[in-house]
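Colleague: for reference, the sequence and a predicted model appear below.
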Amino acid sequence: MTEAEIETAAQILAQARRTGNLIDALPVVPASVGEAHAIQDRVTVLLGETVGGFKAGAPPQGEPTRGLIYAQTIRPSPARMSTAEVPHMGVEGEIAFRFTRDLPAQNAPYTREEVASAVSVLPAIEVVSGRYRDPRGRPNLEQLADCTINGGLVFGAEIADWSHLDLPNLHITLLVNGEPLHDKQGGHPTGAPLAAAVALANMLPEGVKAGQIVTTGSWTGMDFLKAGDRCVVRFETLGEAEIVFDG
């Protein structure tokens, strides 16, 4: 993409966020992770938003990615969101980490141990709702340009000392209106939730700041709910997060 194409894509996505009007597609699809990230960054500047968190991906054989999550869409559990805010009402059960101190950019990559000592852990629901009419129908890099179609994040109580938790093998239950939709042991897409936090700390040119949250991938796939639904994600020994979608 040219700089002009990146600017045009950012303007379109920023306007969609301002108005709530969904779009069919971008005029040009990003050809790389870097171009998709550049669109995210430009949208954030255009909107004047504060970044409160990230959704990070660290595929074993692929390039790490991050989606920006705006501070005003990150809410403590129990939370409510309206269909006007998040029209697609998608939910994913996830484990998130909150950085307890700054990890500024440095020459040597942060190790797993360094990142582990700088985070607390939280149960979370990622709310999925993009700016496209059919967000899951768009190419992956086009979804990435739209902050990986993030609509918000709901987090439960955090645990500062989590060294005793076997995070990849926790039991998770996702309930909708009191009925279990998912109930299983483990389920993180890579089996290593902390790896996404490590990847994030090492991919950001400005580093991460204390208080920012990173969510690390869905244990439950993606489920789309309807107005009035109440969703609870419960991790055994970790805790739970809850959201209700208002009409």
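Modeller: Received the coordinates, thanks.
Colleague: C-alpha from now on. contacts and neighbour counts both.
Modeller: Fine.
Colleague: need the strands for this protein, in chain order.
Modeller: Per DSSP state E, the chain carries strands over the ranges 51-57, 65-70, 74-76, 79-82, 90-99, 119-128, 150-155, 171-176, 179-185, 213-218, 223-224, 230-235, 239-246.
Colleague: now the third one: average pLDDT?
Modeller: In other words, strand 74-76. Averaged across strand 74-76, pLDDT comes to 98.
Colleague: who does that strand pair up with?
Modeller: strand 150-155 (parallel) (DSSP bridges).
Colleague: and the strand it pairs with with strand 119-128, angle?
Modeller: If you take axes from the mean of the first three to the mean of the last three C-alpha atoms, to 10 degrees, strand 150-155 sits at 140 degrees to strand 119-128.
Colleague: per-residue confidence averaged over strand 150-155?
Modeller: 98.
Colleague: pull the residues that contact that strand.
Modeller: For strand 150-155, contacts defined as C-alpha atoms under 8 Å, 6 or more residues apart in numbering pick out 67, 69-70, 73-79, 85-86, 96, 122-130, 241-243.
Colleague: residue 59 is in contact with residue 190, isn't it?
Modeller: Yes. Between residue 59 and residue 190 there is a contact at 7.0 Å, judged by C-alpha atoms under 8 Å.
Colleague: comparing the two, which residue is more hemmed in?
Modeller: residue 190 (17 against 14; other C-alpha atoms under 10 Å).
Colleague: ok, that one - contacts?
Modeller: Counting by C-alpha under 8 Å, 6+ apart, residue 190 has contacts 59-60.
Colleague: how close does it sit to residue 144?
Modeller: 19 Å (C-alpha to C-alpha, to the nearest Å).
Colleague: find the residue ranges of this structure scoring beneath the pLDDT cut-off.
Modeller: Applying pLDDT under 70 to the chain flags no residue at all.
Colleague: most centrally placed residue in it?
Modeller: Nearest to the mean C-alpha position of the chain, by C-alpha atoms, centre = their mean, lies residue 55 at 3.1 Å.
Colleague: what pairs with it across the strands?
Modeller: Beta bridges link residue 55 to residue 67, residue 215, judged by DSSP bridges.
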